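Asks: give the three-dimensional model of this entry:
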Amino acid sequence: MNYLRFHFAVLVMCVLTSFAQADDRLNFLVIMCDDLGYGDLECYGHPEIRTPNLNKLASEGVRFTSYYSAAPVCSPSRAGLITGQTPTQVGIYDWIPGGSPMHIRAEEVTLPKLLKTAGYETGLFGKWHCNGKFNSPEQPQPNDLGFDYWFATQNNANPSHENPTNFVRNGKRVGPTQGFSCQVVADETIDWLTNVRNSDKPFFALVTFHEPHEPIASPEDLVQSYPDAHKKGEALYYANVTNVDRAVGKLMQKLDELKLSDNTLVLFTSDNGPETLNRYKTAWRSHGSPGPLRGMKLHIYDGGIRVPGIARLPGKIEAGSESDFPVCSLDLLPTFCELAGAKVPQSAKLDGTSLARMLEGETVKRDKPLFWHYYRAFGDAKVAVRDGDWKLVALWNQGEVSPGAAYKKGDYSLIKNVKFTDFELYNLREDIAEANDLKEQHPEVVLRLKKALLAKYDEATANAIDWYAEAN
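Replies: Residues are numbered from 1 along each chain as shown. Below is the predicted model of the structure:
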């Protein structure tokens, strides 16, 4: 009997191993927008913006109504997706200006590294924003963090989305390009899929559009297609989102032509909530919508971190389905690695949960609550956890610290020595707008989540990096 059990176990392991080495393993295509709000898509209820290709993608897969980014601002959000860890834990505290010492360190475990060791081809296309010294030997570049091929910019498309001049391809400056950024990025991705990658290997492609982040530029035909948008810059913004939709449609068409659609898990999302009109003078085109959510970009409330999330995998994800299960970009690393047969080292301090079993119709339970920290968030609310329907928000004693102003000398002490003075509790199923603080009615929930929040904060900041001390 013991021998039969052993024989069966060996057989199962052999089957799993052969699957992990097979050429028909899943491909992964992640498309991430920049500053696209939860309410910015037609299939998420926007009354005017037209997104027919994303509507189609949602009709072919699942539309998540509780999909979260790792942070309410760009660089930490991207660092979370790539490492599967709370961004603070890997030293990415805020958006990264050019020349900043902040970067994802070469020794970090990353999703492309792990997939690459499992035999995947990996490519990055679009906005990078995970280091300050871009395309410089002074800091790790996309290839040092696992991307075989990269076509990227440090931050935004310059001088705007139209004809950007600041792309770098595999360490070499590209120079002027023709067209709008999302189309340029989509075309580069298509060329890589068609002509560059090894088609005998599965692939992971991370496509990071600059749109609809400022400075916004949009095709004139699309701008003119919104004659009822009368506010200054409104038609430009709506057209910008529709142009992204066009680029997504182009990518999906190419997957069909290459007969890759049935074996490619596609995920469309955003890095954080929408930009506000009043944060800086050049944001006059930022007409993004958080939908029914509280806050926008730079807020720790859901408007800053809950974003669109659409996933498609024919035959595995039910077409036209909807899920309110809380999902986060931190989940991508463990999920993709499990599906790919890529081994995650035990030393990796992952904060995400593998959702692979959801593809088999099984229920997934998180071992720990979702966690967010952004010390330059608008207002005193800087940290939050979500566990099921409950969300606990922590307020600190430092006051508002120049929201979105980027990490500066002296900020390290703010991160390490902060004290939390108050908490707010919301039931997101009943109160998606986070309008009714229930801490007085549910002290037992506050106590439980407060314990989890403070423990995770201590863990995330235990080895916090003082970038300016390291740079000296």
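
Asks: do I have it right that Leu57 meets Gly309?
Replies: No - applying CB atoms under 8 Å as the test, Leu57 and Gly309 come out as separate, 11.2 Å apart. Backbone N, C-alpha and C define where each C-beta goes, glycine included.

Asks: mind listing the shared neighbours of those two?
Replies: Contact criterion CB atoms under 8 Å, 6 or more residues apart in numbering; residues shared by Leu57 and Gly309: Phe268.

Asks: wasn't Gly309 part of a helix?
Replies: No - Gly309: not assigned to a helix; according to DSSP: H, G, I helix; E, B strand; the rest coil it is strand.

Asks: run a quick neighbour tally on it.
Replies: Look at Gly309: counted by other CB atoms under 10 Å, it has 24 neighbours.

Asks: what residues sit buried inside stretch 276-292?
Replies: Neighbour counts over stretch 276-292 (16 or more other CB atoms under 10 Å) mark 276-277, 279, 283-291 as buried.

Asks: for that stretch, give me every contacting residue.
Replies: When contacts are defined by CB under 8 Å, 6+ apart, stretch 276-292 is touched by residues 35-40, 44-46, 212, 214-216, 231-234, 236-238, 240, 273-275, 296-298, 302-303, 306, 403-404, 432-433.

Asks: so how far is it from its chain's centroid?
Replies: 20 Å (CA atoms, centre = their mean, to the nearest Å).

Asks: same thing with stretch 338-348?
Replies: With CA atoms, centre = their mean as the basis, stretch 338-348 stands 20 Å off its chain's centre.

Asks: by pLDDT, rank the buried residues of stretch 276-292 and give me the bottom one.
Replies: Among these, Arg279 carries the weakest pLDDT, at 83.

Asks: which residues are in contact with Arg78?
Replies: With contacts defined as CB under 8 Å, 6+ apart, Arg78 is in contact with 32, 127-130, 208, 271.

Asks: Arg357 belongs to a strand, doesn't it?
Replies: No - Arg357: not assigned to a strand; according to three-state DSSP it is helix.

Asks: confidence score at it?
Replies: So Arg357 comes in at 93 (pLDDT).

Asks: so how far is Lys365 from it?
Replies: For Arg357, the distance to Lys365 equals 10 Å [CB to CB, to the nearest Å].

Asks: now do Thr177
Replies: Note on Thr177: its distance to Lys365, by CB to CB, is 46 Å.

Asks: neighbour-wise, which of those two wins?
Replies: For the pair Thr177 and Lys365, the greater number of neighbours falls to Thr177 (19 against 6), based on other CB under 10 Å.

Asks: what is the burial count for Leu425?
Replies: 21.

Asks: with Gly39 instead?
Replies: Residues near Gly39, counting by other CB under 10 Å, number 20.

Asks: tell me the SS of the residue nearest to it when sequence neighbours are not counted?
Replies: Using CB to CB, 6 or more residues apart in numbering and skipping residues adjacent in sequence, the residue nearest Gly39 is Gly291, 2.7 Å away. Under three-state DSSP, Gly291 falls in the coil class.

Asks: residues in a beta bridge with the nearest residue to Glu318 once chain neighbours are set aside, which ones?
Replies: Spatially, and ignoring its direct neighbours in sequence, Glu318 is nearest to Val62 (6.8 Å; CB to CB, 6+ apart). Applying DSSP bridges to Val62 gives these bridge partners: Ala311, Ser321.

Asks: run a quick check on Val62 versus Pro314, I expect a contact.
Replies: No - taking contacts as CB under 8 Å, Val62 lies outside contact range of Pro314: 11.8 Å.

Asks: strands of the stretch 301-450 of the chain, start to end?
Replies: 306-312, 321-323, 327-328, 370-373, 381-387, 390-396, 420-427 (DSSP state E, counting those that start in this stretch).
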